[in-house]
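Q: Sequence and predicted model, in that order:
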Amino acid sequence: MPGPDVVVCSFHTPDEYYTAHADRLRATLERLGIAHVISTVEKAPDQDWADICRKKVAFLADACDAHPEARVFWIDVDCSLLSLPDYVTRSTADLVGFQRGFGSPLGIGYGQRTRFWEPCFFGIGATAGGRAFVRTARALEADATLKATDDYFFEESWRANARDLTFQLLPSTAALHRVDPADPSPVPPFFSFGSSGKVAEFKDKVVQHGGITDDRVPLSRRLRGTGLRAAKRVERALPVPLAGRIRRAADGAGLTQALTGGDLDNGRLASAGITSPHRQRLVTAMVMAGQRGDADAVDSAFGRLSTMGAPNGAEISARRAADAFLAYARSDHDPADGGPSGHPVTLAWWVRPFPGNFGDWLSPLLVQHVSGAPVRYQSLTSASRSSHLVAVGSVGRFIKPSSVVVGTGISDTDVELDPRASYHGLRGPITAQVLRSGGGPAIDCFGDPGVLLRRALPITRESTNGRFALIRHFTHVGMPLQLPEDVDELDVLVSHPARIRGLLDQLAAYDGVITSAMHVMIAAHSYGIPCALVTFEGLESAVHGSGIKYRDYALGAEVGCHEPVVVPADLRRTDLRAMLHLERTPEHVLDRVEQALRAAVADDRLAARAPAPDAVGV
């Protein structure tokens with residue numbers, strides 16, 4: 001009997017973390033009907049992470065030898081496949097993979113990367129060229145005495161054989177984390193990237209390649225390309241207490257903002273398709289004008305963009321974000337018509353991805369509701385010492401000594417919350433315990449400010465339409481789903497108060513809500529709308545954090561705890577109605593949260609009223 005045409009292989013060490021990922025990957029591949037070889041490798045006492053990575057070279061070569069007629073793909077064990085499309089499985093190329101850093105052809109080559117291929121997923125064709133590539137890598141690794149990881153030897157083999165090889169670069173948007181939620185690609189993503197590993201810890205301890213033009217690329221630009229995933233890898237490589245202190249220092253000093261490039265870093269804009277430097281400057285000016293409350297400048301910048309050519313999806317999303325900033329920041333609306341009055345309140349919240357994620361943008365909406373004042377944006381990741389509020393979101397790690405905190409939470413217990421901030425309340429007792437363990441005050445006022453939605457935006461729920469609404473977490477956008485006939489999908493990317501109100505009006509008309517976004521569930525609990533919290537097979541780790549935020553929220557809001565239920569991509573096979581739960585946040589919880597939010601707005605620290613918000617940031 002002939003062997004399979006495609007084999008996916010990986011290995012892992014026997015520790016609990018990687019074994020769990022291996023089990024999950026194995027189950028995914030079996031569900032997809034893809035032949036696979038996933039093995040456990042033992043780590044000798046004198047071996048470290050770099051030594052284990054190096055074993056990948058011989059392991060992949062052995063897999064190619066064992067399946068000479070198959071296309072053999074390597075995948076890091078903490079990554080996942082949603083599918084394996086024909087253009088991958090039927091490729092005739094010697095090599096198939098993502099460019100380093102999941103780059104697009106607009107940045108092809110070595111100008112910003114030291115190596116050509118992304119090592120977490122790539123395939124070897126059942127061709128003379130493909131197998132020669134593997135043999136060369138194995139021979140180099142077997143003879144080398146230098147300290148290096150697998151991708152060093154693969155890069156050496158690539159440079160030695162590239163002129164004789166055919167190769168296929170996979171589109172960057174085939175990786176789920178590179179999909180722009182506001183402008184999904186017509187190419188469905190099939191690959192989900194894992195963020196574990198010890199790359200940063202060993203970066204200076206193993207042999208590295210130099211970029212062909214590295215000396216011509218400014219350091220700031222090279223740093224910005226690393227992103228939050230590199231920061232997460234640093235954290236995983238360090239002991240928890242030390243990682244927490246380093247993370248907090250980096251956040252407070254603005255290093256996180258420098259590494260990620262900020263909301264409007266040119267690299268981020270270019271990856272979204274805004275490649276013209278002039279258009280990038282106009283987009284930046286437009287969004288910052290919205291943050292200042294300058295409507296004329298927003299219109300002017302967008303008008304200039306439009307005269308240069310039709311705005312693309314990223315530019316339209318930026319305009320929508322600018323309009324949302326305007327709606328909260330402007331102080332020239334007549335209070336008699338419901339507009340804000342009084343001195344602006346400075347608030348830090350997470351504004352990406354544009355045009356804005358529903359849950360994060362509840363923060364300015366609810367602060368404006370309670371304060372009756374304009375709300376000005378401040379970056380969570382900047383090094384600012386100006387007094388500011390921090391409210392909705394799992395953003396506790398970004399709290400600074402100058403922060404006034406109410407209702408904020410965390411997504412993992414390995415963070416440290418700054419004990420010098422002024423605390424009026426937290427999302428729940430788990431966040432409070434982390435604060436207390438780090439030397440902070442004892443807080444016993446709990447509740448996510450999102451529970452106040454039914455007071456901020458009263459909606460009457462009457463007869464429903466017999467259908468269900470599906471709202472994905474923005475990290476799940478782009479995943480191909482098959483929906484039942486009675487399910488409508490609604491967009492989670494809403495930030496303008498009118499759009500948030502419109503989404504909530506829609507939800508109230510449905511029999512129930514299916515969502516992978518926690519704050520959509522919190523909104524359903526506020527209004528008493530039946531809801532099911534889900535995650536999707538293969539993407540269980542896509543939403544950041546360990547999952548403690550769900551229990552933390554439930555304990556703080558005094559509702560039942562509902563953690564995500566794993567569902568398949570084909571929801572036609574799922575009894576959605578049976579998954580629904582009905583919760584309604586108690587009135588006394590709303591009273592408590594509203595009182596805490598009002599006290600935070602009135603905090604003496606905010607009385608200083610920083611004269612201007614910070615520049616654009618993450």
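A: Done, it's in.
Q: what is the mean pLDDT for stretch 311-329?
A: Averaged over stretch 311-329, pLDDT sits at 93.
Q: cool, and stretch 436-453?
A: Computed over stretch 436-453, the mean pLDDT rounds to 97.
Q: again with stretch 343-358
A: Mean pLDDT, stretch 343-358: 94.
Q: OK, contacts around residue 141?
A: Residues counted as contacts of residue 141 (Cβ atoms under 8 Å, 6 or more residues apart in numbering) are 54, 57-58, 150, 153. Every residue, glycine included, has its C-beta placed from N, CA and C.
Q: Closest to residue 479 out of these?
A: Proximity of these to residue 479 was ranked by Cβ to Cβ; the top entry is residue 150 with 28.9 Å.
Q: which residues touch the closest one?
A: The contact partners of residue 150, by Cβ under 8 Å, 6+ apart, come to 53-57, 119, 141.
Q: Take those residues and keep only those in helices.
A: Using DSSP state H to define helices, the subset of these located there is 53-57, 141.
Q: Look up how far residue 11 lies from residue 158.
A: Distance, residue 158 to residue 11, using Cβ to Cβ, to the nearest Å: 22 Å.
Q: meant to ask about residue 539, not that
A: Following Cβ to Cβ, the distance that separates residue 539 from residue 11 is 22 Å.
Q: Can you tell me how far residue 187 is from residue 99?
A: 15 Å.
Q: Give me the more crowded residue out of those two.
A: Each of residue 187 and residue 99 had its neighbours counted (other Cβ atoms under 10 Å), and the higher figure belongs to residue 99 (20 against 15).
Q: If the closest residue to the more buried one other than its chain neighbours is in a bridge, with which residues?
A: Take residue 99 and drop its neighbours on the chain: the residue closest to it by Cβ to Cβ, 6 or more residues apart in numbering is residue 169, 5.5 Å away. With DSSP bridges applied, residue 169 shows beta-bridge pairing to residue 97.
Q: Might you calculate how far stretch 52-69 sits from the centre of the chain?
A: Relative to its parent chain, stretch 52-69 has a centroid offset of 32 Å by Cα atoms, centre = their mean, to the nearest Å.
Q: what about dumping the CA coordinates of that stretch to PDB?
A: The C-alpha coordinates for stretch 52-69 follow below in PDB (Å, rounded to 0.1, in the frame of the first residue of the first chain):
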ATOM      1  CA  ILE A  52      16.800  20.300  21.900                       C
ATOM      2  CA  CYS A  53      16.000  22.600  19.000                       C
ATOM      3  CA  ARG A  54      19.000  21.300  17.100                       C
ATOM      4  CA  LYS A  55      17.600  17.800  17.200                       C
ATOM      5  CA  LYS A  56      14.900  19.000  14.700                       C
ATOM      6  CA  VAL A  57      17.400  18.800  11.800                       C
ATOM      7  CA  ALA A  58      18.000  15.000  12.100                       C
ATOM      8  CA  PHE A  59      14.400  14.400  13.100                       C
ATOM      9  CA  LEU A  60      13.100  16.000  10.000                       C
ATOM     10  CA  ALA A  61      15.700  14.300   7.800                       C
ATOM     11  CA  ASP A  62      14.700  10.900   9.300                       C
ATOM     12  CA  ALA A  63      11.000  11.700   8.600                       C
ATOM     13  CA  CYS A  64      11.900  12.400   5.000                       C
ATOM     14  CA  ASP A  65      13.800   9.200   4.700                       C
ATOM     15  CA  ALA A  66      10.900   7.200   6.200                       C
ATOM     16  CA  HIS A  67       8.400   8.800   3.800                       C
ATOM     17  CA  PRO A  68      10.400   9.200   0.600                       C
ATOM     18  CA  GLU A  69       7.200   9.800  -1.600                       C
END
